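In: Next come a sequence and a model predicted from it.
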Amino acid sequence: MKKYYFALFISLLIASSCFSQIKLPFAKWWEPEGLAVFKEAYPNIKFICSYDKEVGDWLVHIFVPQENKKEPKEFSLYWCESKFLPKEELKNKDEYTKLLYKYPKQIPNPENFSKEFVAKIKENTTTENRKNGPGTPPFFFDALYDCKTRASTESHIVKVPFIDRTINVHERIKEPVQRVSKRINDLPKDTPELKKFFSTLARTDGFAWRNVRDSKSRSFHGIGLAVDVLPKGYYQKIIYWRWQKQLDPEGWMLTPISKRWCPPQEIIDIFEDEGFIWGGKWMIWDNMHFEYHPELILYNKIK
Ligand SMILES: [Zn+2]
């Protein structure tokens, strides 16, 4: 018996050292580490993993519940460092970015950018490189939101009350959008910043079928997973990197944060808390833009 316990102890010791690279608190050793984030972020989706020895990667079986149907629909995609690729796309894996990446806590401050970094941003944002550079892999989102074609996408778009108007979004994010709206409406309107935000709100845009300009990636507006919040006149500030690039092709990336229009911090906090990232924290900032990425919010909370 003693021998048995000793063997068990040794195997547990080996196991714990093997799995020490697993950092996420709820990760399972028999799955790729980051998958736990997706499971937690999309609780009504079932994920089951099997290891494909031939390919040398995890095959993730994704079970998506279907409206008015008993059985969920199954999709099988390779993990590929959180890119979720079909087998035939594995050879092109460098053309896709990971779905799990660093989303900064603060707006990257151009005051701290080195010359080399500025040159890199410039290089990455040429029309040519945005067309040919790696893009967001669409396969996980196609499975989850049934958005491969315009017709299938539009069949899932619903009108949702938003602040003091309505907005078109994908039915799967109806609830988080409603929570965001309620929490924004419940904010006290007694600070000058919030008062101004509510009195100058000009447009809120959701679903619109289109691609990200000069890029292979599909716009999240084209799936109904993005929300734009635009104030009247932008407070004479700059709101979008591309508009500024047209005015100042050499120096747009150094636009001080104080010269960019930003929604009040309370608004950004509410969106993030409900699973939306804010475009104002991107290197190519889009300060009116929020998009639904609960996996990314969660990943960055625990990383
Ligand atoms: Zn947008």
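Out: Ah, there it is.

In: Number of residues surrounding residue 254?
Out: Using other CB atoms under 10 Å, residue 254 has 12 other residues around it. C-beta: built from backbone N, CA, C; applies to glycine.

In: Please report the number of neighbouring residues for the closest residue to it other than its chain neighbours.
Out: The shortest distance from residue 254 to any non-neighbouring residue, by CB to CB, 6 or more residues apart in numbering, is to residue 110 (4.5 Å). Other residues near residue 110 come to 17 when the count uses other CB under 10 Å.

In: from memory residue 110 sits against residue 256, does it?
Out: Yes: judged on CB atoms under 8 Å, residue 110 makes contact with residue 256 at a distance of 6.7 Å.

In: who's in contact with the residue nearest to residue 254?
Out: For residue 110, the contacting residues are 253, 254, 255, 256, 257, by CB atoms under 8 Å, 6 or more residues apart in numbering.

In: 10 Å instead, please
Out: For residue 110, the contact set (CB atoms under 10 Å, 6 or more residues apart in numbering) comprises 117, 118, 121, 251, 252, 253, 254, 255, 256, 257, 283.

In: cool, and residue 144?
Out: Residue 144 makes contact with 38, 42, 45, 62, 64, 75, 84, 170, 172, 223, 225 under the criterion CB under 10 Å, 6+ apart.

In: if we can go back for a sec, return the member of the contacts of residue 110 nearest to the ion.
Out: Distance ranking of the contacts of residue 110 against the ion, using CB to the ion, places residue 283 first at 15.9 Å.

In: Would you mind listing what in this structure touches the ion?
Out: Counting by CB under 5 Å from the ion, the residues of the chain lying close to the ion are 226, 228, 289.

In: Nearest residue to residue 82 in space, please, no chain neighbours.
Out: For residue 82, the spatially nearest residue (CB to CB, 6+ apart) is residue 100, at 4.2 Å.

In: Run a quick neighbour tally on the residue of the chain found nearest the ion.
Out: Here the chain gets closest to the ion at one residue, residue 289, 3.5 Å apart by CB to the ion. Applying other CB under 10 Å, we find 23 other residues in the vicinity of residue 289.

In: before we move on, back to that, TSV please, covering the contacts of residue 144 and showing neighbour count.
Out: Rendered in TSV, the data for the contacts of residue 144 read as follows (neighbours: other CB atoms under 10 Å):
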residue	neighbour count
38	24
42	18
45	18
62	21
64	17
75	18
84	26
170	25
172	20
223	26
225	25
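
In: Give me the pLDDT value at residue 18.
Out: Confidence per residue is given as pLDDT, and for residue 18 that number is 37.

In: Residue 66 reaches residue 45, doesn't it?
Out: No: Residue 66 sits out of contact with residue 45 when judged by CB atoms under 10 Å, with a separation of 11.6 Å.

In: what sits in contact with each of these two?
Out: Overlap between the contact sets of residue 66 and residue 45, as judged by CB under 10 Å, 6+ apart, is given by residue 72.

In: This structure: helices as residue ranges?
Out: When assigned using DSSP state H, the helices of the chain occupy the ranges 2-18, 35-41, 115-124, 127-132, 139-145, 150-154, 174-185, 192-200, 241-247, 265-273, 294-302.

In: Give the closest residue to the residue of the chain closest to the ion in space, chain neighbours not counted.
Out: Using CB to CB, 6+ apart and skipping residues adjacent in sequence, the residue nearest residue 289 is residue 279, 3.4 Å away.

In: Next up, the contacts around the one you found.
Out: Under the criterion of CB under 10 Å, 6+ apart, the contact list for residue 279 reads 220, 226, 228, 239-241, 285-291.

In: Highest neighbour count among the residues you listed?
Out: In those, the most neighbours by other CB under 10 Å go to residue 290, 27 neighbours.

In: can you pull the pLDDT of the closest residue to that one other than its chain neighbours?
Out: Nearest in space to residue 290, with sequence neighbours left out and distances taken as CB to CB, 6+ apart, is residue 276 at 4.3 Å. Reading off the confidence values, residue 276 has pLDDT 98.

In: Return the set of residues that bridge with residue 276.
Out: Note on residue 276: beta-bridge partners by DSSP bridges are residue 292.

In: okay, now it: neighbour count?
Out: For residue 276, the number of neighbouring residues by other CB under 10 Å comes to 26.
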